[in-house]
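**Q** Sequence isn't available, so here's the structure alone:
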């Protein structure tokens, strides 16, 4: 059997420990949901299509939404549920910023799921929320498409 100097064993163990710490750190960051990209800022004026589903909430349906000066100025329901929301509670139709605020609140409240997927330009394309894993009908799924910032 070959004798290994003490210094070599110490270095070997240090490398092993560093590798394990790095592996665990890599695992931890791989499961975190990315924050809102800093490169995207909600413009004052834009239009987008929202498909809101999941859970028992008033905001269920598909909508074409126009935002001017930071507020919703026009919402068109694209299906029966969306038309009902626009008619009964037009103030429930959100801007993308309000959807991101809901995402951030879910994260602050330690919701079981609070995730977003982003487009290449940084705007959200999908927001998935579930406050309690085993609760029924507390989920929200927002699919954002046809996003178009206003000119000027």
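**A** Perfect, I can see it now. What you are looking at is a predicted structure, and each value in this text was computed from that prediction instead of being measured.
**Q** helix/strand/coil for the residue minimising distance to the centre of the chain?
**A** Nearest to the geometric centre of the chain sits residue 116, at 2.2 Å (C-alpha atoms, centre = their mean). What DSSP: H, G, I helix; E, B strand; the rest coil gives for residue 116 is strand.
**Q** where along the protein do the strands fall?
**A** Using DSSP state E, the strands of the chain run over 46-53, 61-68, 71-77, 113-118, 124-130, 139-149.
**Q** Name the residues that touch stretch 98-116?
**A** 33-34, 36, 42, 50, 94, 124, 126-133, 139-140, 142, 144 (C-beta atoms under 8 Å, 6 or more residues apart in numbering). Quick note: C-beta positions are derived from backbone N, CA and C, even for glycine.
**Q** now do 6 Å
**A** 33, 36, 124, 127-133, 142 (C-beta atoms under 6 Å, 6 or more residues apart in numbering).
**Q** Only whichever of those residues are buried, select them in ChimeraX.
**A** Here is the ChimeraX command that selects only those of the contacts of stretch 98-116 that count as buried (16 or more other C-beta atoms under 10 Å):
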select :36,124,127,128,129,130,131,142
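**Q** how about CSV for the contacts of stretch 98-116, with distance to residue 90 added?
**A** Compiled in CSV, these are given as follows (distance: C-beta to C-beta, whole Å):
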residue, distance to residue 90
33, 31
36, 26
124, 22
127, 21
128, 25
129, 22
130, 27
131, 25
132, 29
133, 33
142, 18
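**Q** what's the closest of the contacts of stretch 98-116 to residue 86?
**A** For the contacts of stretch 98-116, the residue nearest residue 86 by C-beta to C-beta is residue 142; the value is 16.4 Å.
**Q** Go ahead and confirm the closest one touches residue 127.
**A** Yes. With contact defined as C-beta atoms under 6 Å, residue 142 counts as touching residue 127 (4.3 Å).
**Q** Show me what the residue lying closest to residue 47 once chain neighbours are set aside bridges to in the sheet.
**A** Spatial nearest neighbour of residue 47, chain neighbours left out: residue 66 (4.7 Å); criterion: C-beta to C-beta, 6 or more residues apart in numbering. Counting by DSSP bridges, residue 66 is bridged to residue 47, residue 74.
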